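*Asks:* The sequence isn't on hand, but the structure is:
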């Protein structure tokens, strides 16, 4: 079992938030589930670049932290669907704000990255 070396500072909201949602994929997963992609295979199709292994780990983390619930359908073939809990839904405005900021900043980032590539090639 994993033992945390540095304890979580529950007095700092940023530390708590980072513990729960900091990863490359968690906001994308929450957003995808909010948009109706509830099955893991649909999330794999929706989110380019995520592996099946990472998807399962991230879904488990989100479920452990209470942001997702899971419904298991005991039929053949067995399948699982995820849904947002009230805590998960409470993150949707934050996710929307982050997405809006990212789309606004994307052109500038593209220029900055192109300038950086040009500088390293020279």
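*Replies:* Arrived safely. Keep in mind the model is a prediction, meaning the values are calculated, not measured.
*Asks:* Ignoring the adjacent residues along the chain, who's closest to the residue most central in space within the chain?
*Replies:* In the chain, the C-alpha nearest the mean C-alpha coordinate belongs to residue 26, at 1.0 Å (Cα atoms, centre = their mean). Of all residues not flanking residue 26 in the chain, residue 58 sits nearest, at 5.8 Å (Cβ to Cβ, 6 or more residues apart in numbering). All C-beta spots, glycine's among them, are computed from the backbone N, C-alpha and C.
*Asks:* Would you double-check that that neighbour falls in a helix?
*Replies:* Yes: per DSSP: H, G, I helix; E, B strand; the rest coil, residue 58 lies within a helix segment.
*Asks:* so what pLDDT did residue 1 get?
*Replies:* With respect to pLDDT, residue 1 scores 62.
*Asks:* now stretch 23-35: mean pLDDT?
*Replies:* What stretch 23-35 shows for mean pLDDT is 95.
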